[in-house]
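> could you look at this predicted model? Sequence included:
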Amino acid sequence: RKEVEQDPGPFNVPEGATVAFNCTYSNSASQSFFWYRQDCRKEPKLLMSVYSSGNEDGRFTAQLNRASQYISLLIRDSKLSDSATYLCVVIPGTASKLTFGTGTRLQVTL
Amino acid sequence: EPEVTQTPSHQVTQMGQEVILRCVPISNHLYFYWYRQILGQKVEFLVSFYNNEISEKSEIFDDQFSVERPDGSNFTLKIRSTKLEDSAMYFCASKTQGDSPLHFGNGTRLTVT
């Protein structure tokens, strides 16, 4: 099983739609989780950290399910500018490195 | 907002040549990283550096690679003898503490011909 697994997509959604991405991780000792966003040929940028109780930042909601070892990202009221690749990122176990999923591509259309 | 800076933005080199990629992490950060991303593929961990030494490295980070923090601000990645398959975007990143998120530089695109 891969350390961090994501559906690569692409997800094509109309503006205003709600879209959800899931990500699974293999190391049950993982402690920290993040969602990053990456635009084409640019660096990954932190979108939000993911907390055990779930957290929200405007139109974005992140959830963590430790029992099933997955995290999710929900985007409400999608904008054209949300088009990007969304990267699930995990700190596995006691390592300090961050491990990236392959990313899920989102294309928001008119 | 402070940011990680990388130079050059694009480096073209011939196979077998040495390259040095440079990074200036955010000043109060303690952990430093290099990642790479081959076009169309995932972001891959290369090496992490803490307290003036390598703390972790991946299988990709073989004897051809080395890192240095020669002074209080720069963090460099050296590839001794480049191969065609080293062509990728190389990202430097830093963070304040163990479970913090990483802040990435805007990358150096390395093209090996």
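Arrived safely.

> right, and A:Pro92 touches A:Tyr25 too?
Yes - the pair A:Pro92 / A:Tyr25 is scored as a contact, 7.2 Å apart, by Cβ atoms under 8 Å. Using the backbone N, CA and C atoms, a C-beta is placed for each residue, glycine as well.

> list the contacts of residue 37.
This is for chain A. Listed by Cβ atoms under 8 Å, 6 or more residues apart in numbering or on different chains, the contact partners of A:Arg37 are A:Pro44, A:Lys45, A:Leu47, A:Ala84, A:Thr85, A:Tyr86, A:Leu87.

> meant chain B actually
Taking Cβ under 8 Å, 6+ apart, we find B:Gln37 in contact with B:Val43, B:Glu44, B:Ala88, B:Met89, B:Phe91, B:Gly107.

> surely the fifth one touches B:Arg109?
Looking back up the chat, that one is B:Phe91. No - B:Phe91 is beyond contact range of B:Arg109, at 10.4 Å (criterion: Cβ under 8 Å).

> pull up the residues of chain A that are close to chain B.
Counting by Cβ under 8 Å from any Cβ of the partner chain, chain A comes close to chain B at A:31-32, A:34, A:38, A:41-46, A:49, A:87, A:89, A:91, A:95-103.

> again, 7 Å this time
A:31-32, A:34, A:42-44, A:46, A:49, A:87, A:91, A:95-100, A:102-103 (Cβ under 7 Å from any Cβ of the partner chain).

> can you tell me the element the residue sitting nearest the centre point of chain B falls in?
Nearest to the geometric centre of chain B sits B:Trp34, at 3.2 Å (Cα atoms, centre = their mean). Assigned by DSSP states H and E, B:Trp34 falls within strand B:31-37.

> so what strands line up beside that strand?
Paired neighbours of strand B:31-37 in the sheet (DSSP bridges): strand B:44-50 (antiparallel), strand B:88-95 (antiparallel).

> quick check: mean pLDDT of it?
Mean pLDDT, strand B:31-37: 96.

> quick one: that strand to chain centroid distance?
Per Cα atoms, centre = their mean, to the nearest Å, the displacement of strand B:31-37 from the mean C-alpha position of its chain is 5 Å.

> now do stretch B:37-48
10 Å.

> same question, stretch B:58-75
Chain-centre distance of stretch B:58-75: 7 Å, with Cα atoms, centre = their mean.

> and that stretch, end to end?
Terminal residues of stretch B:58-75 are spaced 18 Å apart (Cα to Cα, to the nearest Å).

> so what touches it?
B:22-25, B:32, B:34, B:44-47, B:49, B:52, B:54, B:76-81, B:92 (Cβ atoms under 7 Å, 6 or more residues apart in numbering or on different chains).

> can you tell me, leaving aside adjacent residues, what's nearest to residue 5?
Since you didn't name a chain, this refers to chain A. Take A:Glu5 and drop its neighbours on the chain: the residue closest to it by Cβ to Cβ, 6 or more residues apart in numbering or on different chains is A:Thr24, 4.9 Å away.

> look at chain B instead
The shortest distance from B:Thr5 to any non-neighbouring residue, by Cβ to Cβ, 6+ apart, is to B:Val24 (4.8 Å).

> quick check on that neighbour: phi, psi?
According to degrees, to the nearest 10, the main-chain angles of B:Val24 amount to phi -120, psi 110.
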